[in-house]
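Asker: Fold the following and give me the result.
(4 chains)
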Protein chains: 2
Amino acid sequence: MSLRNERIRLSAADWEAGALAMIAEQGVNALAVEALARRLGVTKGSFYWHFPTREALLKATLQRWEAGDEHDLDARIASITEPRARLRELFQWVAREVQPHRAYAALLQAMDQPAVMEVMGRVSQRRMDFLERSYREVGMAEAEALHRARLAYAAYVGFLQLTLIPDLPRLSHEQFEAYVDHVIATLVPD
Amino acid sequence: MSLRNERIRLSAADWEAGALAMIAEQGVNALAVEALARRLGVTKGSFYWHFPTREALLKATLQRWEAGDEHDLDARIASITEPRARLRELFQWVAREVQPHRAYAALLQAMDQPAVMEVMGRVSQRRMDFLERSYREVGMAEAEALHRARLAYAAYVGFLQLTLIPDLPRLSHEQFEAYVDHVIATLVPD
DNA sequence: CGTTTACCATACGCATACGTACGGTGTATT
DNA sequence: AATACACCGTACGTATGCGTATGGTAAACG
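Answerer: Below you'll find the predicted structure:
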């Protein structure tokens, strides 16, 4: 038969990429084997050749996402030497590029699954440590830097959650910029 | 047969209360009809006498929760006239009493379900409006009050999320108090 | 050119969870 | 006391989604 004109041959990486896209768009719960297979134009007979189980796909996808996330942070933010500028750039980064944070927001809503919880624990700890070091570099005492890092990270996580509530009035571009400026002014010293 | 010694006769309100407890403990996804029936010591034959569907139970439970939430806010916080004291009391309230916020945190993780999304939209808007009014009362300009309200609410939501990540080091009581003091000092003027 | 390998389709088994049908029992009502 | 009603148990039908078994096909390889 073969109705499809373009021959499709997938690798494990293709499945992981599709899974990540599906998570970002519809959440972890929507990550079903057969749905993903349809999305990729094949059937699940293909899937179970690449992965032994759905759980294996999820873990591989999370691992890939975590590595990419860490890489982005290192490349864009950690390279900035001046701590205040680094913090400002961090806030503006998460403000400008919404797309990479959709997956993070989706994973926040799936913490009941152990595999997700494990990754989010590591990622959150790493980000908060990064924030804490930056705040210490601008002269904050140990305890204060820790608290401010926690507050800043909570503000980030909470903001992502709020963007997921469609009933809330969406921010226009100017409002959004003004909000980010306000956050920076409030949470970044000087 | 009737192995149970105590006769159990339930009302719709009993089912709603049980559902709310189940949501707070294990999340919205864990709210299954037969599981809840076991928890209440009956079978699902009982459930479908009180409710036509699982969705109906969820909506009724959410409605009950929303009413209680609004009542608590009015009784404890809104009655405080001095705006700065009101804001401080608000932060300390959500800090001291963790239990009432478990349901809120659980609902945050179930935003993919339309019924949940609708309620969370209303509740979030109401809370942010309340924060904005309070900030305006302490003398903030309109735009700044709006931004600060958003930031404060995001910090609340994010903090709840972070408490759900068990891999993160838990805060001791003193650390927790110090953190709340830091948040108040940072987000409440003067 | 024949065979192995990599990838995929189809059909099936099975568990979970919703919802339905219907019969049963205790309590209230007349 | 007889009947109706409120509440519950049991058995069943059905949909979904995971995982398995097995056969098929195109491309790579000897």
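Asker: hmm, who's touching the lengthiest helix in chain A?
Answerer: Criterion DSSP state H: the longest helix present in chain A is helix A:114-137. For helix A:114-137, contacts defined as C-beta atoms under 8 Å, 6 or more residues apart in numbering or on different chains pick out A:28, A:55, A:58-59, A:62-63, A:65-66, A:69-70, A:73, A:77-78, A:83, A:86-87, A:90, A:104, A:107-108, A:110-111, A:142, A:144-146, A:148-150, A:152-153, A:189, B:162, B:165-168. (Each C-beta comes from the backbone N, C-alpha and C, glycine too.)
Asker: So which of these are in helices?
Answerer: Per DSSP H, these map to helices at A:55, A:58-59, A:62-63, A:65-66, A:69-70, A:73, A:83, A:86-87, A:90, A:104, A:107-108, A:142, A:144-146, A:148-150, A:152-153, B:162.
Asker: Taking those residues, please make a PyMOL selection of just the buried ones.
Answerer: Of these, the buried ones can be selected in PyMOL as follows, counting by 16 or more other C-beta atoms under 10 Å in any protein chain shown:
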select buried, (chain A and resi 58+59+62+65+66+69+73+83+86+87+90+104+107+108+144+145+146+148+149+150+152+153) or (chain B and resi 162)
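Asker: What residues does the residue positioned nearest the centre of chain A make contact with?
Answerer: Chain A has A:Tyr104 as the residue nearest its centroid, 2.7 Å off, counting by C-alpha atoms, centre = their mean. For A:Tyr104, the contacting residues are A:Asp69, A:Val123, A:Leu160, by C-beta under 8 Å, 6+ apart.
Asker: now, which of those residues sits nearest B:Gly18?
Answerer: A:Leu160 (31.4 Å; C-beta to C-beta).
Asker: Now do the same contact list for that closest one.
Answerer: Contacts of A:Leu160 (C-beta under 8 Å, 6+ apart): A:His101, A:Tyr104, A:Ala105, A:Leu108.
Asker: and the angle for the helix or strand harbouring it with helix A:114-137?
Answerer: Here A:Leu160, judged by DSSP states H and E, is contained in helix A:142-163. Note on geometry: by axes from the mean of the first three to the mean of the last three C-alpha atoms, to 10 degrees, helix A:142-163 and helix A:114-137 are set 130 degrees apart in direction.
Asker: Briefly note if the helix or strand following helix A:142-163 comes near chain B.
Answerer: Downstream of helix A:142-163, the first helix or strand assigned by DSSP H and E is helix A:173-187. Yes: Helix A:173-187 is in contact with chain B by C-beta under 8 Å from any C-beta of the partner chain, via A:Ala178, A:Tyr179, A:His182, A:Val183, A:Thr186, A:Leu187.
Asker: Helix A:173-187 - contacts with which helices or strands?
Answerer: The contact analysis (3 or more C-beta pairs under 8 Å, 6 or more residues apart in numbering or on different chains; DSSP states H and E) places helix A:173-187 against helix A:83-96, helix A:142-163, helix B:142-163, helix B:173-187.
Asker: how distant is the longest helix of chain A from the center of its chain?
Answerer: 12 Å (C-alpha atoms, centre = their mean, to the nearest Å).
Asker: could you redo the contacts of A:Tyr104 as a markdown table and give each row pLDDT and distance to DNA strand D?
Answerer: Shown next, in a markdown table, are those (pLDDT from 0 to 100; distance: C-beta to the nearest atom of the strand, whole Å):
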| residue | pLDDT | distance to DNA strand D |
| --- | --- | --- |
| A:Asp69 | 91 | 24 |
| A:Val123 | 95 | 24 |
| A:Leu160 | 90 | 25 |
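Asker: Which of those residues sits closest to DNA strand C?
Answerer: Closest approach between the contacts of A:Tyr104 and DNA strand C, by C-beta to the nearest atom of the strand: A:Asp69, at 27.1 Å.
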